[in-house]
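> Sequence plus the predicted model coming up.
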Amino acid sequence: MGKYCASWSACLILLALMTGNLVRADDAQTEGLRIAQERKARDRGWDNSVAEMTMILRNAQGQEATRDMRVNTLEVRDDGDKALTIFDSPKDVSGTAFLSFSHASEPDEQWIYLPALKRVKRIASRNKSGPFMGSEFAFEDMTSFEVEKFSYRFIRDDQFNGDDVYVIEQVPQDEFSGYSRQLVWIDKAHYRVRKAEFFDRKGAALKILEFEDYELYIGKYWRPKTSYMFNLQTNKSTKLVTHSLEFKVGLDESDFDKNSLRRAR
Amino acid sequence: MFLRKIISAGLILASGQVWAEWELGGLSGLENRYFLQDAAYSGQERMQVSLFIEPELYTEWNDGIDSLVVKPFVRLDQQDSERTHGDIRELVWLHVGDNWESRVGVSKVFWGQTESLHLVDIINQTDAVESLDGEDKLGQPMVNLRVFGDWGTVSGFLLPYFRERTFAGTDGRLRPPLPIDADAALYESDDEQQHLDYALRWQNSIGDWEVGVSYFDGTTREPELLFLAQNSESVTPYYAQVEQFGLDVLKVQGAWLLKLETIHRRGQSEDFTALVAGFERTSVGVFDTSHDLGVLMEYQFDERTDNFFANGQNDLMLGLRWVFNDLDGTEVLAGYVQDLDELATYSGFVEASSRMSDQWRWKLDAYFLSSDDETDTYFYLRRDDHIQLTLEYFF
């Protein structure tokens, strides 16, 4: 010890500074985790939902294409949600349906139904960083938020559009995620995600996601009407607009299996 | 339903005197086939244009517990009168219970996991004049009951009517030197097309595994070809009574999908086992793009040595699936199948397609066939390499 410190008192001061930093880093993780847990806790109990959505895809040249779809979702306690997505347009993919069971710590399970062949195909869910229907949303962006999927660190207090927010860092626990980390802006009033920034595996900024026009459903659950994902590296973007959304419509497990996938239309 | 053309067809249902709404959708297309070499047999042309339409009508009642699909199909072919044909692809009433569902009528079912061959898939007859890949099927009359639970899905079928495989006529390409006369079919059973077939299947997802076990008893979908007389001007398909046991398995192994299908069939001129097994491995975001690239490899094995339709006797398929993830949904699938016994016997295909608008899509298919072996199916088709451009209109 003496080799690094001029005197015992200097050593003690250095030690105090080091542990102080450690404690502060520890605090940042605890606070990050608390925010994530509170975010999840405030969004429990919605049971199931049915939504009609449009994705507007835009390439770097400004050309646009739309995808219409319906998304049925089932909340699964202590695990990831189940979702059945049915595509209505473009016409050549109309009737194609996608079933996913997302899991908190296990790999997700996914199937796609191809109506022309009447074939249900299992998908390798490790490819979660791949684009969902050619959009800027990756498969992993479309799955439910689960606390176990990330480790957390509180970064700073900030403001977003005039509201007080926490900025936290999320590091995916899954080595096959397309992201090295994410920065997430969560408002202090309702623990809603207002903005997220995604960094690729090399650490470079990749995409920015912004949620707009939050609406309150059945007096408890906030959902954005518009999600806007912008790719900083390609200048491509995708806007996801929710036209209608209903909660507690009476869906259960049997509406989220391969038989319901085959019947989906 | 959402963003769909809804037509009030004015059908009054006996049950509730309600006006049922019919949804109309479907597909039609203009197809142009161009054969790269002069024909091997007289009567055949190099250019073949055709038109097809496949509308689909759908209605449901009792809150969707009951539904009806009607899907006719018609193709008009410029050259081949056998390829000018119509079919009822579907005309089926579906009823959904809590843990069961029934389908009564004409319908289509797919079984299996592999890509290069569909050995296990036996319910529907192949509409072989449609395409060389054998993936177009004729509607099959059936009574089907599916029961499901945590243990999987058990599906039982009664198949009261047999559909004969379609074959190219005298004026068509992609046929043996003498055309196969589909209408002259001979049967082992005295009931001929009225023979009642049945089938049973269990399928389940168990963690990373997809497992299916199936059994079929009835008229084989894959005929044997008979040459009845020395001066005969056609070949006759013969449909034996068979039993078929099938197993299909898929395992998700990270980014790999491992696939296997195997069957054992008894009752044709020889009992046999056939197998196809391989993998598909997909990489996302290849070459710093948003493209997905899948590599496929499947090994095909069949104990039969002299069946016209059993080409995968000891063959290896290599394939590439390239998905662009662009606005137009551009996709390319290319494959090459090498016979491991006869190096001069091989085939290749390319299937590419992309969207031109919300309703139009182009499709480019190319098939290449080669063999020096005069007993091989591809020897008969060796001059039938072709490119096919289709404009598809979805409505």
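Nice, thanks for sending it over.

> just so I have it, where are all the strands in the stretch 101-250 of chain A?
A:109-114, A:119-123, A:150-160, A:163-172, A:179-187, A:193-200, A:205-217, A:221-231, A:237-247 (DSSP state E, counting those that start in this stretch).

> Which secondary structure elements does the second one sit against?
In this case it means strand A:119-123. strand A:109-114, helix A:258-263 (3 or more Cβ pairs under 8 Å, 6 or more residues apart in numbering or on different chains; DSSP states H and E). (C-beta placed from N, C-alpha, C; glycine too.)

> got the angle for that strand vs strand A:109-114?
Angle, strand A:119-123 to strand A:109-114, by axes from the mean of the first three to the mean of the last three Cα atoms, to 10 degrees: 150 degrees.

> Dump strand A:119-123 to PDB, restricted to CA.
What follows is strand A:119-123 as a C-alpha-only set of coordinates in PDB (Å, rounded to 0.1, in the frame of the first residue of the first chain):
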ATOM      1  CA  ARG A 119     -48.100 -24.300 -43.400                       C
ATOM      2  CA  VAL A 120     -47.000 -23.400 -39.900                       C
ATOM      3  CA  LYS A 121     -43.300 -22.800 -39.700                       C
ATOM      4  CA  ARG A 122     -41.200 -22.600 -36.500                       C
ATOM      5  CA  ILE A 123     -38.700 -19.700 -36.600                       C
END
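
> The stretch 201-350 of chain B against chain A: which residues are in contact?
Residues of the stretch 201-350 of chain B lying close to chain A (Cβ under 8 Å from any Cβ of the partner chain) are B:203, B:205, B:210, B:250, B:252, B:254-257, B:280, B:282-285, B:290, B:292, B:324-329.

> hmm, 7 Å instead?
Residues of the stretch 201-350 of chain B found near chain A (Cβ under 7 Å from any Cβ of the partner chain) are B:205, B:210, B:250, B:252, B:254-257, B:282, B:284-285, B:290, B:292, B:325-327, B:329.

> Now go through the residues you listed and say which are in strands.
B:205, B:210, B:250, B:252, B:256-257, B:282, B:284, B:292 (DSSP state E).

> Please list only the buried members of the residues you listed.
B:205, B:210, B:250, B:252, B:257, B:282, B:284, B:292 (16 or more other Cβ atoms under 10 Å in any protein chain shown).

> which one is the fourth one nearest to, not counting chain neighbours?
So that's residue B:252. residue B:208 (4.3 Å; Cβ to Cβ, 6 or more residues apart in numbering or on different chains).

> how about residue 219, what does it touch?
No chain specified, so I'll use chain A. Residues counted as contacts of residue A:219 (Cβ atoms under 7 Å, 6 or more residues apart in numbering or on different chains): none.

> Correction: the question concerned chain B.
B:162, B:187, B:189, B:195, B:197, B:239, B:241 are the contacts of residue B:219 under Cβ under 7 Å, 6+ apart.

> Now tabulate the residues you listed in TSV and tack on pLDDT and secondary structure.
Shown next, in TSV, are the contacts of residue B:219 (pLDDT from 0 to 100; DSSP: H, G, I helix; E, B strand; the rest coil):
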residue	pLDDT	secondary structure
B:162	97	coil
B:187	97	strand
B:189	96	coil
B:195	97	coil
B:197	98	strand
B:239	97	strand
B:241	97	strand
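
> Can you name the two of those residues that sit furthest apart?
By the measure Cβ to Cβ, these have their two most distant members at B:187 and B:197, which lie 12.1 Å apart.

> picking that back up, same list (the strands of the stretch 101-250 of chain A) but as CSV, adding mean neighbour count and mean pLDDT.
Formatted as CSV, the strands of the stretch 101-250 of chain A follow (neighbours: other Cβ atoms under 10 Å in any protein chain shown; pLDDT from 0 to 100):
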stretch, mean neighbour count, mean pLDDT
strand A:109-114, 19, 93
strand A:119-123, 19, 93
strand A:150-160, 15, 96
strand A:163-172, 19, 97
strand A:179-187, 20, 97
strand A:193-200, 20, 97
strand A:205-217, 16, 96
strand A:221-231, 18, 97
strand A:237-247, 18, 97
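
> Let me have the buried ones among the ones in strands among the residues of the stretch 201-350 of chain B next to chain A in TSV, extended by distance to residue B:96 and pLDDT.
Listed next are those as TSV, based on distance: Cβ to Cβ, whole Å; pLDDT from 0 to 100:
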residue	distance to residue B:96	pLDDT
B:205	20	94
B:210	23	97
B:250	26	98
B:252	28	95
B:257	30	96
B:282	33	92
B:284	36	88
B:292	34	92
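
> mind checking which of the strands of the stretch 101-250 of chain A is nearest residue B:345?
Nearest of the strands of the stretch 101-250 of chain A (Cβ to Cβ): strand A:119-123, 28.7 Å.

> Report the central residue of the chain.
All of this refers to chain A. residue A:141 (4.4 Å; Cα atoms, centre = their mean).

> other chain: chain B
Mean-position check on chain B, Cα atoms, centre = their mean. Result residue B:135 at 2.1 Å.

> helix or strand for that one, which one?
Of the helices and strands defined by DSSP states H and E, none includes residue B:135.

> Could you check how far the residue nearest to it when sequence neighbours are not counted is from residue B:113?
With sequence-adjacent residues excluded and distances taken as Cβ to Cβ, 6+ apart, residue B:135 is closest to residue A:117, at 6.5 Å. Here residue A:117 is placed at a distance of 13 Å from residue B:113 (Cβ to Cβ, to the nearest Å).

> What of residue B:380?
For residue B:380, the distance to residue B:113 - Cβ to Cβ - is 30 Å.
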